[in-house]
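J.: here is my input; please provide its structure:
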Amino acid sequence: MNTKVQAAVQTWANSLSDLVPVLKGIDTTTKMSDIRDSYAKMLAQNPAPAGVKFEAVNMGGVPGTLVTPDEIKTDAVVMYIHGGAYIVGRPDGYHGIGGNYAKMLGARVYMPDYRLAPEHKFPASVDDTLRAYEWLLEQKIPANKIAFSGESAGGAMVVSVMVAAKSKGLPLPAVGSSISPWANLEHTGASMSNREGLDPLNSKPVLDILARAFLGDTLANHPLASPVFADVTGLPPILVQIGENELMLSDAMRLATHLADNRVRVNLEVWPAMFHAWHFYATMLPEGQQAMESSVRFIEAGLAEANP
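T.: As a prediction, this is how the structure comes out:
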């Protein structure tokens with residue numbers, strides 16, 4: 001990891017230093033809105049590529065951002081589900097990755113701005129993202145022309161929103177790409193302890209606090225909060241990409257195994273020495289660009305297979 005990337009990742013890690021004291025009620029002066037603003041500004045330093053435009057869109061009552069590339073090559077669309085521990089994050093921080101998907105696929109990308117905890121606890125984020133998906137279907141976009149992608153909490157929601165859609169009897173999207181998924185809020189994977197100190201972004205005690213702030217009274221093994229416990233039968237092909245330095249490594253591998261056990265077509269990519277959601281740094285990190293390209297290839301193949 002070059003020094004430029006190291007500095008960027010350190011800035012990312014530092015941007016949430018105020019969050020835990022606020023969530024625990026120790027800091028009563030810092031506002032959640034300020035933390036969210038500074039987080040979005042920090043992530044927005046990962047620039048959007050040239051040749052894409054962004055506009056606000058109402059996804060059936062859920063605010064969102066539509067990314068449109070200058071060169072549209074397909075009528076398929078991507079729903080990109082951002083991460084941020086279900087507590088921070090919003091589309092304006094994701095112009096980099098959203099723009100890259102739009103440009104690389106030549107497809108429109110929709111990014112829902114779902115409600116966040118602790119004000120809106122589980123299952124608000126899943127409900128809103130499911131509603132946004134339903135809205136895409138209402139726009140007469142066929143399910144087999146829709147791909148899901150997302151990172152971290154959004155990587156988990158790639159799977160959990162499909163499970164919620166299945167429960168509701170909705171047709172499922174063609175394909176999913178799950179980046180660094182926060183797939184098990186029980187945090188029982190071996191890497192939760194043996195990668196402590198190697199993961200530059202996460203630590204288990206902090207993840208435990210974030211998970212509880214999101215869950216409220218809900219158990220961490222709820223299938224829509226932790227997709228490793230969900231009934232995933234019948235889901236479309238899913239790519240799981242995880243950095244080998246991540247606390248979430250073991251639980252992401254468990255998610256891939258769980259999908260495979262239930263006859264879901266799955267690809268698992270473990271990227272040596274990579275950190276959480278390294279795709280953000282595609283402009284300065286070769287592995288970030290390569291992982292984006294791999295995700296795009298998987299999405300293209302999934303869409304092609306669903307539209308023979």
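J.: looking at this protein, which helix is longest?
T.: Using DSSP state H to assign secondary structure, the helix with the most residues in the chain is helix 286-306.
J.: now do it, average pLDDT.
T.: Averaging pLDDT along helix 286-306 gives 98.
J.: do the same with stretch 222-235
T.: So the average pLDDT for stretch 222-235 ends up being 98.
J.: helix, strand, or coil at the closest residue to residue 59 other than its chain neighbours?
T.: Excluding its sequence neighbours, the residue lying closest to residue 59 (C-beta to C-beta, 6 or more residues apart in numbering) is residue 132, at 4.0 Å. Yep, even glycine has a C-beta here, placed from its N, CA and C like the rest. What DSSP: H, G, I helix; E, B strand; the rest coil gives for residue 132 is helix.
J.: verify the stated contact: residue 132 with residue 114.
T.: Yes - the criterion here is C-beta atoms under 8 Å, and residue 132 meets it with residue 114 at 7.5 Å.
J.: what sits against residue 186?
T.: Residues counted as contacts of residue 186 (C-beta atoms under 8 Å, 6 or more residues apart in numbering) are 220, 221, 226.
J.: again with residue 144
T.: Neighbouring residues of residue 144 by C-beta under 8 Å, 6+ apart: 171, 173, 174, 303, 306, 307.
J.: now with 10 Å?
T.: 76, 171-175, 236, 302-303, 305-308 (C-beta atoms under 10 Å, 6 or more residues apart in numbering).
J.: again with residue 192
T.: Contact analysis of residue 192 by C-beta under 10 Å, 6+ apart lists 184, 186, 199, 202-204, 207-208, 246-251.
J.: in helices, which of the residues you listed fall?
T.: Counted as lying in helices by DSSP H, out of those, are 204, 207, 208, 249, 250, 251.
J.: can you pick out the most distant pair from these?
T.: 208 and 249 (17.1 Å; C-beta to C-beta).
J.: quick revisit: overlap in contacts of residue 132 and residue 114?
T.: Joint contacts of residue 132 and residue 114 (C-beta under 10 Å, 6+ apart) are 59, 62, 63, 64, 81, 161.
J.: just the pLDDT for the residue lying closest to residue 289 once chain neighbours are set aside.
T.: Leaving aside its sequence neighbours, residue 289 sits nearest to residue 282 (C-beta to C-beta, 6+ apart; 4.4 Å). At residue 282, the pLDDT value in this model is 95.
J.: which ones are touching residue 282?
T.: Neighbour list for residue 282: 46, 49, 96, 97, 100, 104, 288, 289, 290, 291, 292, 293 [criterion: C-beta under 10 Å, 6+ apart].
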